[in-house]
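**Q** here is the input, now give the coordinates:
(2 chains)
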Amino acid sequence: MTTMPSKKVRGRGERGPLASVALHTTLLIASLIAVLPPLWLLVTSFKPQSEAFSTALVKDFTFGNYDHVLNDTKFLDWVVNSLFVVGLTTVIGVFISATTGYAVSRFKFPGMRPLMWLLLITQMFPVAVLIVPLYNLLASMELLNQPMGLVLTYLTIAVPFSAWMMKGYFDTIPVEIDEAGRVDGLNPFGTFWRLIMPLAKPGLAVTAFYSFITGWAEVAYASAFMTGEENLTLAGGLQTFVNQYTSDWGSLTAAAVIVAVPAAVIFGFVQRHLVSGLTAGATKS
Amino acid sequence: MAVESGPRAVKAADTTGVRGRGPRPGKNPGRLRRALSTHWYAWAMVAPVVVVIGVIVGYPLARGVFLSTTNANEANVERTIGVNHIPATYESVGLDNYKAILDDGVFWDRLTWTVIWTVSCVALSFAIGLVLANMLNRRLKGRSFYRMALILPWAVPAFVSVFTWRLLFNEKNGVLNKVLEGGGIDAVPWLNDPTWAKFSVIAVNVWLGVPFMLVAMLGGLQSIPGELYEAAEMDGASAWQRFRHVTLPGLRSVATTVILISAIWTFNMFPVIFLLTRGGPGDATEILVTYAYRLSFVVSPRDFAGSAAWGVLILLLLSLFAVVYRRALRKQGEVW
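**A** I've put the predicted structure just below:
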C-alpha cells in the first residue's frame, strides 16, 4: 500500500497494520468492559458467602450458593411465576401486535391515525401515571397478587412498541405478495396467516424477544403489585436478598446467574434476526 | 393449494361482486354498513390491542388525572381493614397539587437532573454505539466474537446487571475500589456521594444502552448500498469523506428513530435508578419517574394525589417528545 501513487486513496476493504492494531485494541477493550461485569457475577456466585467480596478469582470453589438458593429459598417459585407471566405475555403480545402491525401496514381504515397516535403515546407512558390507578383497578378486579394481573400490565408495555416494530417489518414485505394471495382467493386473514406470517419470522422473533425481555426485567409494576414471598417474580424476589436489612450477595449472585442464563440463551437464538428486525423500516432500499 | 384456490377465488369474486352491486347507500347507516363491510377485517385485527390499551391504560389514565385534582393519600382512600370497609373521604382540591408542585423547587431540581441524565445517557451510548458499529462493519478477524461480547450487556436482564454493578461499586469491598486501592488511589464513594452517584448511574445506563445502539447502527450500516461507496471511491473520496458524506447521511433515518426511542426509554428508565441507588443519596439521583413512584409507594403516608399530579406532568413532557418523534417519522416518509 505504501508504494501506491500519491493520490490513491485507501479503499474500503483495506487498512494498514497500524490501523488494524488500533481497531483490535479498541474492540478488545470495549468487549472487556462489556463482558467483565457479567463474568464477575459468575465468578462471585461460586465463592462462599463470606468471601463474596474477595478479589481472588476462585479460592474456595463452591456450589453452596446455588444449593442454598435452590433449596432454602422461594427462588423456584419466583422462576415459575416469572416464566408463566412472561411466557403468556410473549405469546399474546406477539400475536396481537402482529395483527395490529399488519392492519396498520396494509390497510387504510377509519381510526388508523388515532390508533397510531395511541400506540406512539402509550409507548412512552411513564410508569408513574398509571401505577396507582392500575393498582386500584387490579385490586377491584381481584387481580392483585395474581400472575394474570401482571400479564395484562405487561401487555400494555410490550404491545405498542412491538406493533410498531411489526408494522416496520411488514412494510418491507412487498405488497405484491398480498395481491398474489388475494388473486389466489385468500381472504385478508388467510393472506396474513399463511403468506405474510411465515415471511415475517425474523420480525416475529425480534418482537417475541422484546416482549420476553420486557417482562423478564420489569421491576416497578412487579414490585408494587406482587406481595408475599411466594408470589414475587424474579425481579422482585432478587431484591429480597440484598436490601437495607440483609445483604446476602452469595445467594443474589447465584440466583442472578440462573436468571441470566435463559435470557441469554434466547437472546442467542434471536440475535441473528435482531438487526433485520429492529431496523426493518430503514433497510428497505 | 392449487385445489383449494379454485372455489375460494370464486367466492372472493362473489363477495366483491355483491359489494360492487350493493344498494347505493344514501345516508349514514348505509355508509356505516359499507365501512363495516370494507374495513371489518382491519378493525378485527386491531381490536385486541385497542381493548387492552383501553382498559389497562385508558381507565387508569382517566382515574390518574382525576386523582391528581384531589387530596387522596393513604389515609383517606377507600380501603378495607379486616371486615370494616372504610369509604373514601378525599375531596377535590382543583389544581392545587399542580400549583404546589410547580412552586416547589423539588420538581425543577428533578427535572433538571432528568434532562441531564437523558441527554448524557443517549449522547454517550449513541456515540459509542456508532463508533463500535463502524469498527465492526468491515472484514475483521474475530468479528462474530466481538459482536457477541459487545451485545452481552443486552442479553443479560437489566436488573441482574444492575445488581452486578452494585456489587462492583460497593464502597468498602467492591472490586472497582480494590483495583483503585492497588493503584494507590483512595476509595471512591461510587453510590454514596451525590456527584459520584450521578456519574455511576449514567455509566451503568450507558453500559446497558450501547448494545441496542450498536445493533441498530450495524443494521443501518448494512443497509447502505455498497455502490455508493464504490462511487465515492471512484471519485477519490478519503475514508473520512466517505464516512461524512455517505455513511452519516445513510444512517440518518435509523439514527433519528433510535435516538428518539432511546431518549424516551431513558427518560422513563425506572429500574436502573431504583435498584442502583433507590434515588439516593438523599434524592440526588431521583429522576421524575422514580420520584413519583416514591411519593405513592415509599413515603408515608403515601401521597397518591401528588404522585398522580407528577405523573400527569411527566406525561405532558413526554407528549412533546411524541410530537417531535412523529415529525421525525414523517420526514422519513411515514405518512399517516
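
**Q** you'd agree residue B:282 is in a helix?
**A** No: counting by DSSP: H, G, I helix; E, B strand; the rest coil, residue B:282 falls outside a helix, being coil.

**Q** which non-adjacent residue is nearest it?
**A** Spatially, and ignoring its direct neighbours in sequence, residue B:282 is nearest to residue B:194 (6.7 Å; CB to CB, 6 or more residues apart in numbering or on different chains). (Each C-beta comes from the backbone N, C-alpha and C, glycine too.)

**Q** neighbours around that neighbour, how many?
**A** Burial of residue B:194 is recorded as 15 neighbouring residues (other CB atoms under 10 Å in any protein chain shown).

**Q** ok, it touching residue B:284?
**A** Yes: here residue B:194 reaches residue B:284: they are 3.7 Å apart, a contact under CB atoms under 8 Å.

**Q** end to end, how far does stretch A:212-232 reach?
**A** 17 Å (CA to CA, to the nearest Å).

**Q** buried residues, that stretch. List them.
**A** With burial defined by 16 or more other CB atoms under 10 Å in any protein chain shown, the residues of stretch A:212-232 counted as buried are A:212-226, A:231-232.

**Q** gap between it and the chain center?
**A** Relative to the centre of its chain, stretch A:212-232 is centred 15 Å away, using CA atoms, centre = their mean, to the nearest Å.

**Q** name the element the residue of the stretch 151-285 of chain A found nearest chain B belongs to?
**A** Using CB to the nearest CB, the closest approach of the stretch 151-285 of chain A to chain B is made by residue A:185 at 3.1 Å. Residue A:185 is part of no helix or strand when elements are defined by DSSP states H and E.

**Q** how about residue A:252?
**A** helix A:249-278.

**Q** quick check: residue A:210 touching residue A:162?
**A** Yes: counting by CB under 8 Å, residue A:162 is a contact partner of residue A:210 at 5.9 Å.

**Q** neighbour count for those two, which is higher?
**A** Set residue A:210 next to residue A:162 and count neighbours by other CB under 10 Å: residue A:162 wins out with 31 against 22.

**Q** which SS class is the nearest residue to that one once chain neighbours are set aside?
**A** In this structure, residue A:162 finds its nearest non-sequential neighbour in residue A:97, 3.7 Å apart by CB to CB, 6+ apart. Secondary structure state of residue A:97, per three-state DSSP, is helix.

**Q** which residues of chain A fall in strands?
**A** When secondary structure is read from DSSP state E, chain A shows no strands.

**Q** hmm, I typed the wrong one, I wanted chain B.
**A** Counting by DSSP E, the strands of chain B are B:79-81, B:84-86.

**Q** thinking again about what came up before, check contacts around the residue nearest to residue A:162.
**A** By CB atoms under 8 Å, 6 or more residues apart in numbering or on different chains, the contact list for residue A:97 reads A:158, A:159, A:162, A:163, A:165, A:166, A:207, B:49.

**Q** roughly how far does it sit from residue A:212?
**A** Look at residue A:97 and residue A:212: by CB to CB, to the nearest Å, they are 13 Å apart.
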